[in-house]
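Engineer: Okay, structure incoming, though there's no sequence with it:
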């Protein structure tokens, strides 16, 4: 039976929107947004898209008109009543009313600010400028739009059954990973794959497959829209953008050296328990931990997002011991470039020594490697970062020099201030 | 949008019928049925289900009540107006009105006759007795019902995503075969997989995938219902049941020796062109061809359905040459236990020497080998054969002694009459 109404409704779409909700974004974006709304609302920031994979000629593959339509569509979105109810009434990390009334009222009235789009050679320059709490919410939709338009560009010329087989292969590939992860005792793994997903529907499929395949070992998704729709935990804590902007706002070197701790001091006031997760690598993990105040050692865990993850975890464990903390009571969240092999190896190496958890991103929601000719659907490294705050450039050093960003002379200054010496470069795949 | 009417309609099904149409059967069954209706209408035959794969305990896996429901459902079917129109109005093998008005009137009034079902150990005894033109139409639905109930028995305990991945793997597996066949020049291949399909929907998917993947090289399907629905050629000519029953009706050894030619003499009157295909192996290919009348050498082709296919094809080519025919103008149809490797090898070996065509059956529509634990969905060898005609047992020798059937003493008599000596045994996989 054809449902005529559905058909007609489908035909009405001028575009097939990639982002259909303001909460089709990472949960930590909302947590950070609330923190910024409270502590730094009047900061002016610029976010910019950066394609680290220069060999992907995004501007040749993606029609500018289509890209504008998708971005314009996001600007037309506002929080629906159901979404608002969910954010206000749901329990996050065991806590009710995670989001304050102040923040929710502001969010309910929000439309995303204007964007600036220009073609430069075979790449797009896409920037967002304005108030930090508004502009920061562009990051995830901008990335998912570009990722999915690229997927559509590649799949556009494929036949119906060729397409079905493509997804059949991708499903099989993911399921084989799930079957390998299933036997791991006490595994805790979550979906962190919104920003670089192949597509919304594919992420939704991956999340459901993880739910069925891993049961309780699958602890949730960073994607609020999918968490709401599939009745899962929304997970995530905080990201580099906080220390990067706080650092850029610093007036002196002393203030700069203190900026990463100032961020976490603000966070400390707002959150407790499993939300107290340190992200130590923005300006070098080792120095950050050496100079950290003792109250930070009391936090629940550390997220390792760059550098060799096993080394990072050993550094964290040593640090906790030095500060008189029991590592077996602590949590390490691995979230950088994970895939099944790495997860299995890290799980094995650290089980019993520390609690572990895995935030599985791009290779969960976009592992189409090897499934098409010329690997035309392989994921690539696209980011959308704060590049300036109140007209000062931002800087990131990371534990991997290939992930560093900022003007050269500023990088040197930051390296001096944070005492960062030689670093080991790691390939950035995704 | 939920289509409430569809939901309610779906709920109404007491059973989910496996066979939903009387023409969900092989085209050659209808051609043979018409021939029998014309030439041997008053023959009483018994057809019986034979599970050659004794290790599959069908009666343990399939609930008898469910099996009866499915068989009863088939007995409730009659030709729809659309089906009748298609059979009367469509072109088959380039010919209009393939089916006579007489036959169509009879077919339009037909309901399938009663069945006899009994459990014997871990197997079912399923037999059909009555007038040949009616009883013969049970073969394909009976086989597809048992095959699909077995699939349902295995898949019944699988999770939703586990199931989706199962089909994803099966799709990938078939598509890889399609991609290997695609480059073969002048390939002609058809679906012969109705009787041992994994399920109706899966056969339908396979046929559509072949259509997209192989284009003109995919020449059609033996399944009338799918041919009608997907606007494809319905293909197929004749089967062993004709010589087997004609032989069983013979009163003397001389008549017996002539029976296989008598069948084809009747067929000669009814059909020409690509429908004049000899199936020579019922009582041994070599003897059949040696003793064949010259008018048979004028027929279009030969179907090789048992024994080593390359050997069979060489015998056919030699025979045509001996009879003064040009083999390059002749057609050999391979239809026994084919899979991509064998198709590619045979195509390579015979290209340029003879026209070839492939009837791909079980390993097209039911290749779930290796996709589940303990290979619980691997296809198996189930047949439904005429075992007697007017109270005489039928006999089949075949070019593979493992495919022989009939009472021992009758097999000896047939071997003597048809001059069949030693034969090479071949495994019967499907």
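Structural biologist: It's in. Quick caveat, the model's predicted, so the values are computed rather than measured. Numbers count the residues shown, from 1 in each chain, chains lettered A, B, ... in the order given.
Engineer: Identify the residue nearest the residue of the stretch 301-430 of chain A found nearest chain B in space, chain neighbours excluded?
Structural biologist: Of all residues in the stretch 301-430 of chain A, residue A:371 sits closest to chain B, at 9.7 Å by CB to the nearest CB. For every residue, glycine as well, the C-beta is placed using N, CA and C. Among residues not flanking residue A:371 along the chain, residue A:169 sits closest, at 5.0 Å (CB to CB, 6 or more residues apart in numbering or on different chains).
Engineer: what ranges do the strands span in chain A?
Structural biologist: Assigned by DSSP state E, chain A shows strands spanning A:44-51, A:116-120, A:123-131, A:189-191, A:218-221, A:277-278, A:301-304, A:331-334, A:355-360, A:382-389, A:392-393.
Engineer: Also compute the angle for the longest helix seen in chain A relative to helix B:160-181, please.
Structural biologist: Taking DSSP state H as the criterion, chain A has its longest helix at helix A:160-181. Orientation of helix A:160-181 against helix B:160-181 (axes from the mean of the first three to the mean of the last three CA atoms, to 10 degrees) gives an angle of 130 degrees.
Engineer: quick revisit: dump the strands of chain A to CSV, plus mean pLDDT and distance to residue A:413.
Structural biologist: Shown next, in CSV, are those (pLDDT from 0 to 100; distance: least, CB to CB, whole Å):
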stretch, mean pLDDT, distance to residue A:413
strand A:44-51, 97, 20
strand A:116-120, 97, 28
strand A:123-131, 98, 24
strand A:189-191, 98, 36
strand A:218-221, 98, 38
strand A:277-278, 98, 24
strand A:301-304, 98, 26
strand A:331-334, 98, 30
strand A:355-360, 98, 31
strand A:382-389, 97, 15
strand A:392-393, 98, 11
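Engineer: Mean neighbour count and distance to chain B added to these, as CSV?
Structural biologist: Compiled in CSV, these are given as follows (neighbours: other CB atoms under 10 Å in any protein chain shown; distance: least, CB to the nearest CB, whole Å):
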stretch, mean neighbour count, distance to chain B
strand A:44-51, 20, 31
strand A:116-120, 11, 34
strand A:123-131, 18, 34
strand A:189-191, 25, 14
strand A:218-221, 24, 12
strand A:277-278, 24, 30
strand A:301-304, 25, 29
strand A:331-334, 23, 25
strand A:355-360, 22, 17
strand A:382-389, 21, 27
strand A:392-393, 16, 46
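Engineer: Near residue A:81, how many other residues are there?
Structural biologist: Residues near residue A:81, counting by other CB atoms under 10 Å in any protein chain shown, number 8.
Engineer: now the one 4 residues further on
Structural biologist: The local packing count at residue A:85 equals 12, with neighbours defined by other CB under 10 Å.
Engineer: Got the domain ranges for chain A?
Structural biologist: A:14-156+A:380-396, A:162-365 (automatic domain parsing).
Engineer: Looking at those domains, which is nearest to residue B:137?
Structural biologist: Minimum separation from residue B:137 across the domains of chain A (CB to CB) falls at domain A:162-365, 33.5 Å.
Engineer: So the nearest residue in space to residue A:84 that is not next to it in sequence versus chain B, what's the distance?
Structural biologist: Spatial nearest neighbour of residue A:84, excluding adjacent residues (CB to CB, 6+ apart): residue A:108 at 5.6 Å. Using CB to the nearest CB, to the nearest Å, we find residue A:108 at a distance of 27 Å from chain B.
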